[in-house]
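> Sequence plus predicted model, see below.
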Amino acid sequence: MSSLKLGAYNLPPAEVALIKTLFRLFSHGNTFQWTFVNAPPYDALLVDGTTLDAENKDLSRLAKAVLFLKRMNSGSGPNTLERPIRADQLQNWLTATEKNLRETLSSSSSHAPEPESELTAFPSQARFKLRRWPPAILLRGDATRIRMATILSRRALSVGDLSIVCQQPVSVCETFLQVLRAASLIDMVEQPVAETPAPASGSKAHASRPKFSSGLISSIRRRLGL
């Protein structure tokens, strides 16, 4: 059984360290099926619910389940956890979330044909342009990702063109584009291959020759004393 992935967004380093410690404790035995990861893709996301900004609307696209950390005595609610983090409450939420995620996956698998891999190569003629600037959680402070996002915000490029411009392997560019597409942050347009038009019937070979005006010819003749 594959493990599920939990990430953190906007949490203080001390809380991230605490969660990692709790995960080591939870992992004793074979029943705990979660791992803590530092980058997408996520199955669930632990978010600081006291400092959410406009990027909040993108969080549901980054993970199937989101748990919000609130201040002490702020009131409980679905998918919320009051500070300080209690090991039993976090583990209970992870257990319930795992059950829901696996049931959803099982149901979708039994009612739908086997899907192609999400990492299927993009069409060779597809070009991509950034719809809006990605949230920090996707850029991860990575200079390469920031450069690719900057370029894609200015013009539409194919995977190959992006690889050349950024001087990065095609696989790196494809991975970033997959992340952006999963978050609905890019537009993709598949352009048809341009065909070279055939010459018009009856056209003459000298039709492409430059045409000189009579005034230019007269000026040249005067200079030559003709």
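Looks like it arrived, so ask away. Residues are numbered from 1 along each chain as shown.
> any idea how the protein splits into domains?
According to automatic domain parsing, the chain comprises the domains 4-110, 126-190.
> Show me where the protein dips below the pLDDT cut-off.
Along the chain, the model assigns pLDDT under 70 to residues 1, 29, 52-58, 105-121, 124, 191-226.
> if we go to 80?
Counting by pLDDT under 80, the chain shows low-confidence ranges at 1-2, 29-30, 51-61, 74-77, 104-125, 137, 140, 190-226.
> Can you point out the buried residues in the helix or strand encompassing residue 103?
Here residue 103 sits within helix 87-111, counting by DSSP states H and E. Buried positions in helix 87-111, judged by neighbour count with 16 or more other C-beta atoms under 10 Å: 90, 91, 93, 94, 97, 98, 101. For the C-beta atoms, the positions are set from N, CA and C on the backbone; glycine is no exception.
> which of the domains of the chain sits most buried?
Of these, the one with the most neighbours on average (mean count of other C-beta atoms under 10 Å) is domain 126-190, at a mean of 16.
> where along this structure do the helices fall?
Remark: helices assigned in the chain by DSSP state H are 13-26, 56-62, 87-111, 136-139, 143-154, 159-166, 170-182, 214-224.
> give the contact list for the residue nearest to the spatial centre of the chain.
Closest to where the C-alpha atoms of the chain average out (C-alpha atoms, centre = their mean) is residue 180, at 1.9 Å. Contacts for residue 180 were tallied using C-beta atoms under 8 Å, 6 or more residues apart in numbering; they are 128, 130, 134, 138, 149, 152, 186.
> Greatest separation within those residues: which pair is it?
128 and 138 (14.6 Å; C-beta to C-beta).
> Let me have the contacts of residue 180 in JSON lines, extended by distance to residue 37.
What follows is the contacts of residue 180, written out as JSON lines (distance: C-beta to C-beta, whole Å):
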{"residue": "128", "distance to residue 37": "25"}
{"residue": "130", "distance to residue 37": "24"}
{"residue": "134", "distance to residue 37": "18"}
{"residue": "138", "distance to residue 37": "14"}
{"residue": "149", "distance to residue 37": "21"}
{"residue": "152", "distance to residue 37": "25"}
{"residue": "186", "distance to residue 37": "23"}
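> between those residues, which is nearest residue 25?
Closest to residue 25, out of all of the contacts of residue 180 and judged by C-beta to C-beta, is residue 138, at 29.8 Å.
> Leaving out the residues flanking it, which one is nearest to that closest one?
residue 179 (5.8 Å; C-beta to C-beta, 6 or more residues apart in numbering).
> For the one you found, give me its contacts.
40, 41, 138.
> same thing but at 10 Å, please
By C-beta atoms under 10 Å, 6 or more residues apart in numbering, the contact set of residue 179 is 39, 40, 41, 62, 134, 138, 139, 140, 145, 185, 186.
> So the first one versus residue 82, what's the distance?
Just to be clear, that refers to residue 39. Computed as C-beta to C-beta, to the nearest Å, the residue 39 to residue 82 distance reads 27 Å.
> how far out from the middle of the chain is stretch 175-191?
With C-alpha atoms, centre = their mean, to the nearest Å as the basis, stretch 175-191 stands 6 Å off its chain's centre.
> List every C-alpha atom in that stretch, with coordinates, as CSV.
Presented in CSV, the C-alpha positions along stretch 175-191 are these (Å, rounded to 0.1, in the frame of the first residue of the first chain):
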residue,chain,number,x,y,z
THR,A,175,7.6,18.5,-14.4
PHE,A,176,7.1,22.2,-13.7
LEU,A,177,4.5,22.6,-16.4
GLN,A,178,2.6,19.5,-15.0
VAL,A,179,2.6,21.2,-11.6
LEU,A,180,1.3,24.5,-13.1
ARG,A,181,-1.4,22.6,-15.1
ALA,A,182,-2.5,20.7,-12.0
ALA,A,183,-3.0,24.1,-10.3
SER,A,184,-4.8,25.5,-13.3
LEU,A,185,-2.2,28.2,-13.7
ILE,A,186,-1.3,27.8,-17.4
ASP,A,187,-3.1,28.0,-20.7
MET,A,188,-2.2,25.4,-23.3
VAL,A,189,-2.7,25.9,-27.0
GLU,A,190,-1.9,23.2,-29.5
GLN,A,191,-0.8,24.9,-32.7
